[in-house]
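Asks: Turn this into a structure:
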Amino acid sequence: MTLLLLRKKVEKYIPFYVFISLPIGILANDSIPDSAFLDYCKKSDAYLKHSYTDVAYTKTWGSYRRYVSINNKLVVNNSTGVDRFAYLNLSEYISNKIYEIGVKTLKADGTVIELDSSKVFQTKSGDKKLGAINYPIPGVEPGDTIETSFTYREYVKVPEMTDFVNLYAEVPSLNTEYSIKSDPELLVRYKVYNKFPEPEVITNDTLIYCLFKMEKIKGLEENSNTCIPCELPYMYYSMEKRDSEFRKWKDVYNQEFNLITQPVSLDKENSSYYSRWKRNVIGEAKDSSKYHKFTLLHQDVLNNIQMEPPNKDELLKSNGYFLKEKRFNPLGIRRLYRQLLEDLEIEYWAVFARSKRAGKIDPYYIRKGEYDHIFFAYNDEKGVMNLLYPHEAYYKYQINEIPTSIYNTDAVIAKPYLTKKIKKKDRFIGYDLELAVADSVTVNMVKLPGTSSNHNYVKQVFYSNVNLEKKETPVKYRFSMSGGLYTELKAFFELLAQDEEVSDFYDALGEYEGDEDLIEIDTVTKTTFKNVKPFSFAMEAEGTLNGAMSFLTGNMVSISLDKLVQHNQIETEQDTADLNYYLDYGYSDYLMAMFKFPNTIEVLDIDGYNIDFKNDYGEYFFKLELVGKNQVTLQSNYEINREVIPKDEYGHLKKINQLLQEIKNKRIIVKVKDHNSPSN
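Replies: You can find the predicted model right below:
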């Protein structure tokens, strides 16, 4: 691995420089002639003459100040560029920490228009903090240049002095730089990936200065499925105290796993309730295996315990307290699971994982703040590893159910290297508030499981006896979902059910957009649930179909496929893709609809609808047929069977979506024959 430890810092006006020059890497190609790249820039909606980010760390009482200064000079080429980029955009976090700011419009005729920042940074009446800022920059026209310069300041502790850095933007850049400066108490530790350029370094006894830069960088169009760290140059750095040791996995285990999983023993009043609950749930299964006992306890939590966001006033409450209240938060449930595993003497690992689109874990450069998923794993009586993911505020996970964002990703598992039983004082946070400390840990890399498109599916089946007299489409409906789609959809619906504010937002959004539900359910007649992998849910219901069928005349009916055929489609709005698509899983979305009429019918151009298309990345299937003399049956299946769709294969995905859109643009016209007499 490439590590540089910079031990000292130098004065701002040092007399010498040390330059280290390496290849620039992907999408930053020195072989592109300046004139050709400039032509490419001028054909874009906008481009950066330069983009500079300078980060400086200075010591203050008990922590450090971090000053982040950003200076951009953006040339706007056309009216689309004005519409997209003539705004000052600042997050809520940055807007409340602004130290200084200046924004200017440099007109093509030499005139300068300066933004009045006092109008930008105004809080609403009664608000103490600013929200996110999206403020129009005045006077911007095609051919003008926007110069933005601002600095924000924050107070940070050493563990927070880290960052993942890439030098890309949605517009091309002639020159992009990122610098780090610190004082003598700190050193910079970094590692570059995917041919990210090594820095230019300035160092002596009073200053450390690292400058990372790239030139002639193409602009990138990102979407929710792209992943810069998966394929493009980036780097990670952390600031360390000069006398600190390199981080080890035992530090991660002690500082990150123990911190959020170790149970509390301060709450004596409620601690005995935990033992009573455990004894009552196990009941007559007291002689069963420890694994079966754990399954019973876990299932009781799923069935009877409510999840909610954490409350800081309950940070030191025992598991007994929460069991008595019949509610847990994500921190408390981790503590409960750890206590159960240890009480039942089930050996377990801590699992450290990272969301797929945040890039891979590096097990050799043990980094801070990298692991956004920390949970448990244990072997059952058959020696098969089981994953135990703690519940979130609005979602409960089954054993071996994990978030879809970590499907098929590499993870690190770790556990203390012990030769004797854990002492009670090392199992609980007591009055000294000290965490357990492992002297050493054993570590392994594992591949977290995913599921295939055969197991990740949504299926909808509609059956309707069309009522021509009342012009209604009553429907019997079956909905089923499995695998990753089950996890995602169920989590979303549970969020709506429990969070009134979010539910109100989506209700208001639906009213604003004017979308009515395809089906209005009157009665749910049956539900079934499978609680082993792949987890699935099915529902049968009765109701009314809305908007999909129009009664044109007494004997003509139109079925709108745009309304009826609604699939979970991967968007392909651009003509080409700059980056690969990284999906959490492949999946299938299947729909079947059967419309039975009281009379003989004719379907106009019935042979003009059928599609059966497949390629290496998925398929789109549509079939329309007349069953008997009076039933229209249609099937539509949209399937994606890969987790990565390379940018040079983007056309295959686009083709699938084009075929789906062609179907959605159609209407099925049904002619009802002699609708006043019964069908044969």
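Asks: Quickly note the distance from the closest residue to residue 324 other than its chain neighbours to residue 321.
Replies: Once flanking residues are discounted, residue 324 sits nearest to residue 273: 4.8 Å by C-beta to C-beta, 6 or more residues apart in numbering. Any C-beta I mention is one placed from the backbone N, CA and C, and that applies to glycine too. Counting by C-beta to C-beta, to the nearest Å, the gap from residue 273 to residue 321 is 8 Å.
Asks: Show me the common contact partners of the two, please.
Replies: Common contacts of residue 273 and residue 321, defined by C-beta atoms under 8 Å, 6 or more residues apart in numbering, are absent altogether.
Asks: number of nearby residues for the closest residue to residue 92 other than its chain neighbours?
Replies: In this structure, residue 92 finds its nearest non-sequential neighbour in residue 132, 4.6 Å apart by C-beta to C-beta, 6+ apart. Using other C-beta atoms under 10 Å, residue 132 has 11 other residues around it.
Asks: Give me the phi and psi for residue 132.
Replies: phi -60, psi 150 (degrees, to the nearest 10).
Asks: Tell me if I'm right that it and residue 96 touch.
Replies: No - counting by C-beta atoms under 8 Å, residue 132 stays clear of residue 96, with 10.1 Å between them.
Asks: Please verify my assumption that residue 195 contacts residue 233.
Replies: Yes - here residue 195 reaches residue 233: they are 5.3 Å apart, a contact under C-beta under 8 Å.
Asks: So for the two, which sits in the more crowded spot?
Replies: Legend: neighbour count by other C-beta under 10 Å for residue 195 and residue 233, higher for residue 233 (25 against 14).
Asks: For that one, what are phi and psi?
Replies: Dihedral angles (degrees, to the nearest 10) for residue 233: phi -60, psi 140.
Asks: what secondary structure does the nearest residue to it once chain neighbours are set aside sit in?
Replies: Excluding the flanking residues, the one nearest residue 233 by C-beta to C-beta, 6+ apart is residue 196, at 3.6 Å. Recorded secondary structure, residue 196: coil (DSSP: H, G, I helix; E, B strand; the rest coil).
Asks: burial count for residue 196?
Replies: The burial count for residue 196: 25, using other C-beta under 10 Å.
Asks: go on, residue 633?
Replies: 16.
Asks: can you pull the contacts of it?
Replies: 592-595, 624-627.
Asks: Just give me the closest of those to residue 645.
Replies: residue 592 (26.8 Å; C-beta to C-beta).
Asks: Wait, a strand at that closest one?
Replies: Yes - Residue 592: assigned to a strand according to three-state DSSP.
Asks: and the residue nearest the centre of the chain, what does it touch?
Replies: Taking C-alpha atoms, centre = their mean, the centroid of the chain lies closest to residue 405, which sits 6.4 Å from it. Applying C-beta under 8 Å, 6+ apart to residue 405 gives the contacts 355-357, 373, 584.
Asks: Can you check the pLDDT for it?
Replies: With respect to pLDDT, residue 405 has a value of 94.
Asks: surely residue 459 meets residue 483?
Replies: No - look at residue 459 against residue 483 with C-beta under 8 Å: they stay out of range, at 11.9 Å.
Asks: of those two, who's got more company?
Replies: residue 483 (27 against 18).
Asks: Quickly note the distance from that one to residue 299.
Replies: The separation that residue 483 has from residue 299, given C-beta to C-beta, amounts to 21 Å.
Asks: Residue 612 too?
Replies: 44 Å.
Asks: ok, now residue 92?
Replies: Distance from residue 92 to residue 299, by C-beta to C-beta: 41 Å.
Asks: tell me the contacts of the spatially closest residue to residue 163 that is not a sequence neighbour?
Replies: Excluding its sequence neighbours, the residue lying closest to residue 163 (C-beta to C-beta, 6+ apart) is residue 237, at 6.2 Å. Counting by C-beta under 8 Å, 6+ apart, residue 237 touches 162-163, 165, 180, 188-191, 210.
Asks: Please name the bridge partners of residue 237.
Replies: Beta-bridge partners recorded for residue 237 (DSSP bridges): residue 163, residue 190.
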